[in-house]
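# Starting from these lines, generate the structure:
(one chain, ligands or ions: 1)
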Amino acid sequence: MNTVIRSQLLRFSVGRGQQFRFSTAAANGNDLVIGTVDETLGIAMLTMNRPPANSLSLEMNEAICTSLKTMESNPKIQSVILSSSNPKIFSAGLDVSELVSPHPDRLPKFWNSLQQLYLDLYGSRLAVVAAIQGHAPAAGCFLAMACDYRIMSSGDIGGEGGGDMKKRFVPTIGLNETQLGIAAPPWMGQLLVRTIGFRQAELALAMGTLFPPDRALSIGLVDAIESEQHGAESTIIEGLSELLPSISKDQASNPLMQKAFKQATTFAKIPPHARVASKLVTRQSHIHDMIATRDEDTAHFCGFVTQEAVQKNLIAYVEAMKSKSKKK
Ligand SMILES: CC/C=C\C/C=C\CCC/C=C/CC(=O)SCCNC(=O)CCNC(=O)[C@H](O)C(C)(C)COP(=O)(O)OP(=O)(O)OC[C@H]1O[C@@H](n2cnc3c(N)ncnc32)[C@H](O)[C@@H]1OP(=O)(O)O
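Model (predicted):
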């Protein structure tokens with residue numbers, strides 16, 4: 001028998017056997033993230049589900065943190081796959097509507113929720129595997145970098161247009177803020193430095209480079225790339241289908257999801273205390289630095305974003321984004 005426990009933020013549905021599912025609901029009742037947990041395997045899946053682009057609003061940041069904390073509080077869980085319900089967008093980064101003409105009370109709360117997301121994800125006791133099926137610009141790239149392992153789609157998914165004129169879908173990843181007339185916050189830029197090294201990061205930040213999968217792999221921004229050509233049904237691996245939320249069931253034969261699942265399984269088998277201790281060796285001092293400079297960082301962000309010139313740039317950027325989307 002299924003039991004459903006409801007609270008203001010979390011909805012848990014206790015399903016068959018050892019598997020638990022939960023959704024975190026937004027104010028409008030939609031599930032911003034969907035979580036599934038398999039205690040036998042020690043693996044969870046956190047699927048971002050904020051159409052159209054999984055952009056990070058205040059509520060979305062909080063929903064990811066709440067889900068992650070819930071998974072962490074289960075001692076049987078050792079690893080989690082971070083994925084998207086949108087096959088072409090992992091996350092489009094910050095919800096730009098949070099930045100344009102912001103409410104003075106909401107803006108610092110929004111930034112605090114992003115800082116908290118960094119602290120919770122980067123410092124999680126769980127090993128987090130990012131399954132990057134689609135684009136991951138700006139804070140979408142940050143999300144991936146805060147994980148422990150990144151697998152990106154090679155982009156040969158279906159295509160658009162049909163026939164010989166088939167257009168390849170090529171996802172990209174990177175901190176492209178300078179292209180938008182803003183700068184990545186220092187802690188986000190430093191995360192890029194730690195991921196791909198000083199010189200590559202210095203160049204990528206200055207140029208606002210968005211890397212296609214093969215380039216992302218060659219500079220170490222992602223750890224693996226994988227085709228998304230769905231395999232035959234016989235290649236379905238046990239356990240993955242049950243872990244996928246109902247909206248993503250068709251992903252069970254997707255090699256990228258399978259690779260993420262295998263990596264999460266590998267992480268889950270490593271002695272947890274040793275794995276967590278070694279994660280702290282490389283990450284703890286950066287987490288402490290962020291905590292120490294958090295208020296200063298918030299003040300800097302709010303001051304920067306509310307500048308007239310920055311607002312002008314952002315308004316023009318959002319208008320261009322909307323008219324591009326209308327033309328489709
Ligand atoms: C010294 C300075 C110190 C400190 C400064 C401090 C702080 C400054 C802040 C710095 C931090 C910035 C981090 C960020 O993340 S900024 C946001 C950056 N993100 C983007 O620019 C991405 C924009 N989106 C895209 O490029 C494309 O949408 C994408 C490649 C992701 C997908 O392309 P596709 O063609 O598939 O879809 P679209 O038609 O473009 O979009 C579909 C719908 O989604 C909406 N959308 C897309 N991105 C966003 C977003 N980031 N926020 C809100 N909404 C978004 C888009 O408008 C379409 O919506 P509809 O029109 O269909 O409703």
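# For Ile34, what is the enclosing helix or strand?
Taking DSSP states H and E as the definition, Ile34 sits inside strand 31-38.
# Quick one: mean pLDDT over that strand.
What strand 31-38 shows for mean pLDDT is 91.
# what separates that strand from the chain centre, distance-wise?
In terms of Cα atoms, centre = their mean, to the nearest Å, the centre of strand 31-38 is set 13 Å apart from its chain centre.
# all helices of the stretch 51-200 of the chain, in order?
Counting by DSSP state H, counting those that start in this stretch, the segments of the stretch 51-200 of the chain that form helices are 58-72, 106-122, 139-145, 186-196, 198-207.
# what angle sits between the strand holding Ile34 and helix 58-72?
Between strand 31-38 and helix 58-72, the angle comes out at 10 degrees (axes from the mean of the first three to the mean of the last three Cα atoms, to 10 degrees).
# is any part of strand 31-38 close to the ligand?
No: shown here: strand 31-38 not in contact with the ligand (Cβ under 6 Å from any ligand atom), separated by at least 13.9 Å. Yep, even glycine has a C-beta here, placed from its N, CA and C like the rest.
# is the helix or strand that that strand is followed by anywhere near the ligand?
Per DSSP H and E, strand 31-38 leads on to strand 43-48 as the next helix or strand towards the C-terminus. No: judged by Cβ under 6 Å from any ligand atom, strand 43-48 makes no contact with the ligand; its nearest approach is 12.8 Å.
# sorry, back to before: out of the helices of the stretch 51-200 of the chain, the one nearest the ligand is which?
Nearest to the ligand, of all those, is helix 139-145, at 3.3 Å by Cβ to the nearest ligand atom.
# which other helices and strands contact the closest one?
Packing partners of helix 139-145 (3 or more Cβ pairs under 8 Å, 6 or more residues apart in numbering; DSSP states H and E): helix 106-122, strand 127-132, strand 173-174, helix 186-196.
# how about the longest one: buried residues?
Yep, that's helix 106-122 we're talking about. Using 16 or more other Cβ atoms under 10 Å as the test for burial, helix 106-122 gives 107, 110-115, 117-122.
# Quick one: those residues as a markdown table, columns for pLDDT too.
Shown next, in a markdown table, are the buried residues of helix 106-122 (pLDDT from 0 to 100):
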| residue | pLDDT |
| --- | --- |
| Leu107 | 98 |
| Phe110 | 98 |
| Trp111 | 98 |
| Asn112 | 98 |
| Ser113 | 98 |
| Leu114 | 98 |
| Gln115 | 98 |
| Leu117 | 98 |
| Tyr118 | 97 |
| Leu119 | 97 |
| Asp120 | 97 |
| Leu121 | 98 |
| Tyr122 | 98 |
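# For the residues you listed, give me CSV that also has distance to the ligand.
CSV is the format used below for the buried residues of helix 106-122 (distance: Cβ to the nearest ligand atom, whole Å):
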residue, distance to the ligand
Leu107, 11
Phe110, 11
Trp111, 8
Asn112, 13
Ser113, 13
Leu114, 8
Gln115, 11
Leu117, 12
Tyr118, 12
Leu119, 17
Asp120, 18
Leu121, 15
Tyr122, 16
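# Nearest to Ala309 among those?
Leu107 (17.0 Å; Cβ to Cβ).
# So Gly174 is in contact with Pro213, correct?
No: applying Cβ atoms under 8 Å, one finds Gly174 not in contact with Pro213, separated by 11.5 Å.
# So these two - more neighbours on which side?
Gly174 (26 against 23; other Cβ atoms under 10 Å).
# Where does pLDDT dip in the stretch 151-300 of the chain?
For the stretch 151-300 of the chain, applying pLDDT under 70 flags the ranges 157-167, 230-234.
# Nearest to the ligand: which residue in it?
Taking Cβ to the nearest ligand atom, the stretch 151-300 of the chain has Ala183 as its residue nearest the ligand, at 3.9 Å.
# One more: the stretch 201-328 of the chain?
Taking Cβ to the nearest ligand atom, the stretch 201-328 of the chain has Ser325 as its residue nearest the ligand, at 3.4 Å.
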